Structure formats: C-alpha cells, structure tokens
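Asker: the sequence and its predicted three-dimensional model are supplied below.
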Amino acid sequence: MKIAFGCDHAGIEIKDKLLSFIKGLGHEVIDCGTNSSDSCDYPDFALKVSQNVVSKNADKGILICGTGIGMSIAANKVKGIRAAVCWSKDTAKLIAQHNNANVMCAGARFASTDDICSWIKIFLETEFEQRHSRRIDKIIQIEQQY
Ligand code: RB5
C-alpha cells in the first residue's frame, strides 16, 4: 500500500523509526513532514496527509502529534476522511474493523515507539467489516448535509 505519513514537532523524534517500520512492512511511504524539531502547526500536516488519502494518491494515512487528538480533529475536516485516535492494540484494530478509518492518529507523548509501531501494523492489516456499513453510510450522510 501507499501510506501518507505526517507528524508535528511532538512526533519528529520517532518519525524515522516509524517510517522505517512502515517500509519494512512492505509499504511505500509518502512523507508529508514535518522535517525538523521546530515548533509547527499540526493542521498543516493533517491536511497534507488527508489530501493524499482523499485524492487516492495514498491508500491510508498515519498522523502523529503529542496526543493524536489535534491531528484527528483537523484531518476529519476533510471530506472523505475518517481519522481516529488509537491508544492500544484493540483500538488500532477496531478503528479499521468498525469505523473504516482511513487515517490512524496516535500520540507520541503518551505511548512508546514500539507500541505505536504495533498499532500501525494492526491498523494497516485489518479489514473493514461490511456489517458496519450502515453506520459509515450515516457518517457520510452527515458529511454531505453539513
Ligand atoms: C503540540 O504541542 C501539541 O499540541 C500537539 O502535538 C498535539 O498534541 C495536539 O493535539
């Protein structure tokens, strides 16, 4: 798969390890920044990753900030994005299986790099369960309405 990756300054220290890990799983990475430890604004990177996903230039996105929350709020403003924060192996699986998330968000300040790697692997390998389609369709309806 092609994976769009973005982080802010809170994620920069673990970025290289995450990119190597994703490539090691056999995926191609589109690096959307940031590229330095200078303080920056997470919505800029959430937007770049989201644009890659909705344009189908990438299959899925990964966003890392301090908590994962700011990235998810920003990414979800883009029509067609379902960005979800995960904080455990179970939630990494469920955001794919139940919510059909196309962007995974995680918090570098609240999890180890190894844990985030394990969540990325699970997220990328888990398929959406069609039995949850009705709820996703309702989310899409809300998106079209507002
Ligand atoms: C940056 O200090 C921090 O606010 C950001 O990384 C993120 O956690 C926001 O949700």
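Answerer: Nice, I can see it.
Asker: show me what the helix or strand hosting Ile136 is packed up against.
Answerer: Assigned by DSSP states H and E, Ile136 belongs to helix 133-145. Contact partners of helix 133-145 among helices and strands, from 3 or more C-beta pairs under 8 Å, 6 or more residues apart in numbering; DSSP states H and E: none. In this view, the C-beta of every residue, glycine as well, is placed from N, C-alpha and C.
Asker: list the contacts of Lys2.
Answerer: For Lys2, the contacting residues are His27, Glu28, Val29, Ile30, Asn57, Ala58, Asp59, by C-beta atoms under 8 Å, 6 or more residues apart in numbering.
Asker: for these, which single residue is the most surrounded?
Answerer: With neighbours taken as other C-beta atoms under 10 Å, the top of the contacts of Lys2 is Ala58, carrying 25 neighbours.
Asker: ok, that one touching Gln51?
Answerer: No. Taking contacts as C-beta atoms under 8 Å, Ala58 lies outside contact range of Gln51: 9.1 Å.
Asker: what about Pro43, how many residues nearby?
Answerer: Should you count by other C-beta under 10 Å, Pro43 turns out to have 17 residues around it.
Asker: can you check Glu125 too?
Answerer: Using other C-beta under 10 Å, the number of residues around Glu125 comes to 11.
Asker: could you do the one 5 residues further on as well?
Answerer: For Gln130, the number of neighbouring residues by other C-beta under 10 Å comes to 9.
Asker: quick one, helices of this structure?
Answerer: For the chain, helices defined by DSSP state H occupy the ranges 12-24, 42-54, 69-75, 89-97, 113-125, 133-145.
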